[in-house]
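**Student:** pasting the sequence and the predicted coordinates here, then a few questions.
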2 protein chains.
Amino acid sequence: MAKINSNFKNLSKNYLFSEIDKRVKLYLAAHPRAKIFNLGVGNTTEPIVHAVIKGLKRKVGELGRRETYTGYGNFQGDMILREALSKWYRKRGLKISPSEIFISDGAKSDCANISSIFAPDSRVAICDPVYPVYRDANLLAGKKLIYLAAKEENGFFPSLPEEKADLIFLCSPNNPTGAAAKASQLREFVDYAIKNKAIIIFDAAYSEYIQEKEFPKSIYQIEGSRKCAIEIQSLSKSAGFTGIRLGWTIVPNGLRTEDALGEGEINRLWRRRQSTMFNGASNIAQEGGLAVFSEAGQKETQKQIKYYLENANLIKEELERLKLKVFGGVNAPYLWVKCPGGLSSWEFFDKLLKETQVICTPGAGFGICGEGYVRFSAFAKREEIKKGVESIKKNLYL
Amino acid sequence: MAKINSNFKNLSKNYLFSEIDKRVKLYLAAHPRAKIFNLGVGNTTEPIVHAVIKGLKRKVGELGRRETYTGYGNFQGDMILREALSKWYRKRGLKISPSEIFISDGAKSDCANISSIFAPDSRVAICDPVYPVYRDANLLAGKKLIYLAAKEENGFFPSLPEEKADLIFLCSPNNPTGAAAKASQLREFVDYAIKNKAIIIFDAAYSEYIQEKEFPKSIYQIEGSRKCAIEIQSLSKSAGFTGIRLGWTIVPNGLRTEDALGEGEINRLWRRRQSTMFNGASNIAQEGGLAVFSEAGQKETQKQIKYYLENANLIKEELERLKLKVFGGVNAPYLWVKCPGGLSSWEFFDKLLKETQVICTPGAGFGICGEGYVRFSAFAKREEIKKGVESIKKNLYL
């Protein structure tokens, strides 16, 4: 008599984006000739850069010839790609061995799966507002959640958990708030983790948007973090791989839990998990990833990141000119905007849609502490951003 | 105080292929000029067919241009690919709606993850010998296993479980035994599942190797199976996508458990799981997959499958000429060979290596009932198979 996993009942209905769709459709039904400007979307729009296209094409060509065809690769990722990553970190002053790097099909899967190597009754701390994957994946696994409020008062970086947490998810630069954590802020969490034998899961998917030196791009810039932190990375937003799918996770050999004290022990658990439940990222995507870390690839993708940051700045300047309170958007592709006049997230969403035809993302969709804010994204097309911003300037009634 | 998932302790050390490597290395150290013939490997060697290369190249080209670039797609898979699959099934007389199809990065992940939508205390029946993923993934999740013996006496297809099972993993054509199940055999399991409200997870990754009509290519050819069976599929062995990564899983709307009786309820659970923990298969791989289901793609990949089956036949004929007992290899890419003279799997492996320099895979590595057998694979290169078979003919001392 099969039964379903009853933890599904603990998930809220995943209604944020479908609710947005519904409201936009209703608006369009009433105003069929309206032109909508979507400034909420987290999906990349700039094409894959030339150096990477070359790498992808080369691999596809190789797959078509008997002499160069390859099937299953190393499930942990091509050694040449892991070595390129190790070198990339070394240039940043960080020593990450290729054996500590696990190539994945993107940060989302790894963020969702990483908790499975830890005890089922682990207490998991996540921020509020939060990227919903941390919350939902841990709820599905029956783990207990502790919410850490990220509010204006604390610069949208949470205080240490009051209850004891076993696993702590942090994301910097943050989705959705666009806040980047300072070294001193991360330092506090690393100290807490070492003291309490907790593990930090550090989502660094937006690290390449950091422009200012005081914000670490990697948790491993914090001393002691190799004992207590796993870092998850992605090429989705730094190289437009949202559809191609490629990321990686670093499980340092120095990592320790209360019951796993041996060198490389946790690394071996993740290796066993991945070799059992994953068959490696697409070899085409991996060849593209390798090209990202070539000299030309780095140059071109950094230019693309700057382009998206200019988008962010376009939105930020205009909203600030209207005296709106804007956070993020400097070291992150997201802007976190306080709703004017005490409006709720959804009220301001509706107002923007009706008056300006601009779509944003209501902050309340990311957690209780997101109420009263909306998220703008720098990933829309430049033309759309310009027109959207123009419409806000002209039509928003404040 | 973080702790590790103690279920890792229930996993056996995954030593099969590393033990093979070790023995081959030892042999080569003693015989440095020996030429080895690897006839054990399950990895594909034939290149991606022309029609598919064209599809892959087209998508890569599109990703490089702003007008055609796409980022995140539908996490359930491109609708056009799901529609092509639905049509492919329809040609086989099966009605599978695109909403019931979930495109994945390969059968392995789905085989490993599917149990997570069912109760943590589910009793899971798996065959012995078995593809280790079913066993290890369920052990990691703390589920209870029931082993179903697949032996010569029952044609390597198991009898119904004696204990009550909630989930039942079946694989036909089978890895490792190469046995394909008859409709009547699957019928028994479907009847059992309906009667006991159990769910069958049917791994059909090798279905395209079936040449004889009496063996169903899909569980959905069995009446009533839409109420009780999930089917998992892959392009790894039917189109050489082992490295590109693409598969799909069918969760019928008619599926029922004891506590989920609504139309489409289980389908929605898997959708929620995938939307939470997966971000879709690579869009390049999906475009390649679409090309597999074009007329040219089907023609070319079917030719490739025939080629691998000729490989299987080459091995089969030679071993049978030597009076070895060979199973499989007709509707499957694997041959399951009884060790001669009462030798154990590893003894026969050593004998083959020493006398003929041929590598096979010891059956004992797949479970207790695999003892006394070895697996040969049709995926090696034709030239290597010919030389290996020649060496067995000339040098094996029986």
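**Tutor:** On my side now, so go ahead. Remember, predicted model here, so these are calculated numbers, not experimental data.

**Student:** can we go C-alpha only for contacts and neighbour counts from here?
**Tutor:** OK.

**Student:** tell me the pLDDT at the closest residue in space to A:Arg187 that isn't next to it in sequence?
**Tutor:** Take A:Arg187 and drop its neighbours on the chain: the residue closest to it by C-alpha to C-alpha, 6 or more residues apart in numbering or on different chains is A:Ile222, 6.1 Å away. Looking at A:Ile222, its pLDDT stands at 98.

**Student:** isn't A:Gly240 up against A:Ile53?
**Tutor:** No. Between A:Gly240 and A:Ile53 no contact is recorded; they are 11.4 Å apart, counting by C-alpha atoms under 8 Å.

**Student:** more neighbours, the two?
**Tutor:** A:Gly240 (27 against 22; other C-alpha atoms under 10 Å in any protein chain shown).

**Student:** do you know how far that one is from chain B?
**Tutor:** 7 Å (C-alpha to the nearest C-alpha, to the nearest Å).

**Student:** ditto for A:Lys303
**Tutor:** Counting by C-alpha to the nearest C-alpha - A:Lys303 and chain B are separated by 15 Å.

**Student:** now swap in A:Val330 and tell me
**Tutor:** Counting by C-alpha to the nearest C-alpha, the gap from A:Val330 to chain B is 23 Å.

**Student:** just checking, that residue touches A:Asn313?
**Tutor:** Yes. If you go by C-alpha under 8 Å, A:Val330 and A:Asn313 touch, sitting 7.3 Å apart.

**Student:** pick out whichever of these two has more residues nearby.
**Tutor:** A count of neighbours by other C-alpha under 10 Å puts A:Val330 above the other of A:Val330 and A:Asn313, at 21 against 18.

**Student:** what ranges do the strands span in the stretch 201-350 of chain A?
**Tutor:** With DSSP state E, counting those that start in this stretch as the criterion, the stretch 201-350 of chain A has strands at A:229-234, A:247-250, A:326-328, A:334-338.

**Student:** please, where are all the helices along chain A?
**Tutor:** Counting by DSSP state H, residue ranges of the helices within chain A are A:16-30, A:50-63, A:79-91, A:107-113, A:132-140, A:183-196, A:236-239, A:265-277, A:283-292, A:295-321, A:345-356, A:382-395.

**Student:** tell me the angle the fifth one makes with helix B:265-277.
**Tutor:** I take that to be helix A:132-140. 130 degrees (axes from the mean of the first three to the mean of the last three C-alpha atoms, to 10 degrees).

**Student:** in CSV: the strands of the stretch 201-350 of chain A, plus mean neighbour count and mean pLDDT.
**Tutor:** Shown next, in CSV, are the strands of the stretch 201-350 of chain A (neighbours: other C-alpha atoms under 10 Å in any protein chain shown; pLDDT from 0 to 100):
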stretch, mean neighbour count, mean pLDDT
strand A:229-234, 26, 98
strand A:247-250, 25, 98
strand A:326-328, 22, 98
strand A:334-338, 26, 98
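
**Student:** distance to chain B for the ones you listed - can I get that in a markdown table?
**Tutor:** A markdown table is the format used below for these (distance: least, C-alpha to the nearest C-alpha, whole Å):
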| stretch | distance to chain B |
| --- | --- |
| strand A:229-234 | 12 |
| strand A:247-250 | 12 |
| strand A:326-328 | 23 |
| strand A:334-338 | 17 |
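
**Student:** need those strands in CSV (columns: distance to B:Glu214).
**Tutor:** As requested, the strands of the stretch 201-350 of chain A are exported to CSV (distance: least, C-alpha to C-alpha, whole Å):
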stretch, distance to B:Glu214
strand A:229-234, 47
strand A:247-250, 44
strand A:326-328, 63
strand A:334-338, 58
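
**Student:** any idea how chain A splits into domains?
**Tutor:** A:9-47+A:297-395, A:50-294 (automatic domain parsing).

**Student:** and the residue lying closest to A:Gly365 once chain neighbours are set aside, how far from A:Lys22?
**Tutor:** Once flanking residues are discounted, A:Gly365 sits nearest to A:Leu16: 5.5 Å by C-alpha to C-alpha, 6+ apart. Plainly put, A:Leu16 is 10 Å away from A:Lys22 if you go by C-alpha to C-alpha, to the nearest Å.

**Student:** more neighbours, the two?
**Tutor:** Using other C-alpha under 10 Å as the criterion, A:Leu16 and A:Lys22 rank with A:Leu16 on top: 15 against 12.

**Student:** interface residues of the stretch 51-200 of chain A facing chain B?
**Tutor:** Listed as neighbours of chain B in the stretch 51-200 of chain A under the rule C-alpha under 8 Å from any C-alpha of the partner chain: A:53, A:56-57, A:60-61, A:63-66, A:69-73, A:106, A:108-109, A:111-113, A:116-120, A:122, A:132-133, A:136-137, A:164-167, A:196-199.

**Student:** please pick the buried ones from those.
**Tutor:** Among these, those classed as buried by 16 or more other C-alpha atoms under 10 Å in any protein chain shown are A:53, A:56-57, A:60-61, A:63-64, A:69-73, A:106, A:108-109, A:111-113, A:116-120, A:122, A:132-133, A:136-137, A:164-167, A:196-199.

**Student:** can you pull the contacts of the residue nearest to A:Arg187?
**Tutor:** A:Ala183, A:Leu186, A:Arg187, A:Val190 (C-alpha atoms under 8 Å, 6 or more residues apart in numbering or on different chains).

**Student:** what's around the third one, how many residues?
**Tutor:** Number of residues near A:Arg187 (other C-alpha under 10 Å) recorded here: 18.

**Student:** thought A:Glu83 was touching A:Glu100?
**Tutor:** No. Assessed by C-alpha under 8 Å, A:Glu83 is found out of contact with A:Glu100, at 10.6 Å.

**Student:** of these two, who's got more company?
**Tutor:** Between A:Glu83 and A:Glu100, counted using other C-alpha under 10 Å, the more crowded position is A:Glu100 (21 against 17).

**Student:** what's the more buried one in contact with, if anything?
**Tutor:** Contacts of A:Glu100 (C-alpha under 8 Å, 6+ apart): A:Ile250, A:Val251, A:Pro252, A:Asn253, A:Asn267.

**Student:** B:Glu153: which of the residues you listed is nearest?
**Tutor:** A:Asn267 (43.0 Å; C-alpha to C-alpha).

**Student:** leaving out chain neighbours, which residue sits closest to the closest one?
**Tutor:** A:Val251 (5.3 Å).

**Student:** can you give me phi and psi for that neighbour?
**Tutor:** phi -120, psi 100 (degrees, to the nearest 10).

**Student:** on that earlier part again, need the residues touching each of A:Glu83 and A:Glu100.
**Tutor:** With C-alpha under 8 Å, 6+ apart, A:Glu83 and A:Glu100 have no common neighbours.

**Student:** and for the residue nearest to A:Thr68 when sequence neighbours are not counted, the neighbour number?
**Tutor:** Nearest residue to A:Thr68 in three dimensions, chain neighbours excluded: A:Glu62, at 5.1 Å (C-alpha to C-alpha, 6+ apart). Residues within reach of A:Glu62, counting by other C-alpha under 10 Å, total 17.

**Student:** how about TSV for the helices of chain A, with mean pLDDT and distance to B:Lys95 added?
**Tutor:** Formatted as TSV, the helices of chain A follow (pLDDT from 0 to 100; distance: least, C-alpha to C-alpha, whole Å):
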stretch	mean pLDDT	distance to B:Lys95
helix A:16-30	94	28
helix A:50-63	98	33
helix A:79-91	98	43
helix A:107-113	98	31
helix A:132-140	96	31
helix A:183-196	97	53
helix A:236-239	98	36
helix A:265-277	96	30
helix A:283-292	98	33
helix A:295-321	98	45
helix A:345-356	98	42
helix A:382-395	97	42
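
**Student:** would you mind finding the most buried of those helices?
**Tutor:** Among the helices of chain A, helix A:283-292 has the highest mean neighbour count (mean count of other C-alpha atoms under 10 Å in any protein chain shown), at a mean of 25.

**Student:** check which helices and strands it is in contact with.
**Tutor:** Packing contacts for helix A:283-292, counted by 3 or more C-alpha pairs under 8 Å, 6 or more residues apart in numbering or on different chains; DSSP states H and E, involve helix A:50-63, helix A:79-91, helix A:295-321.
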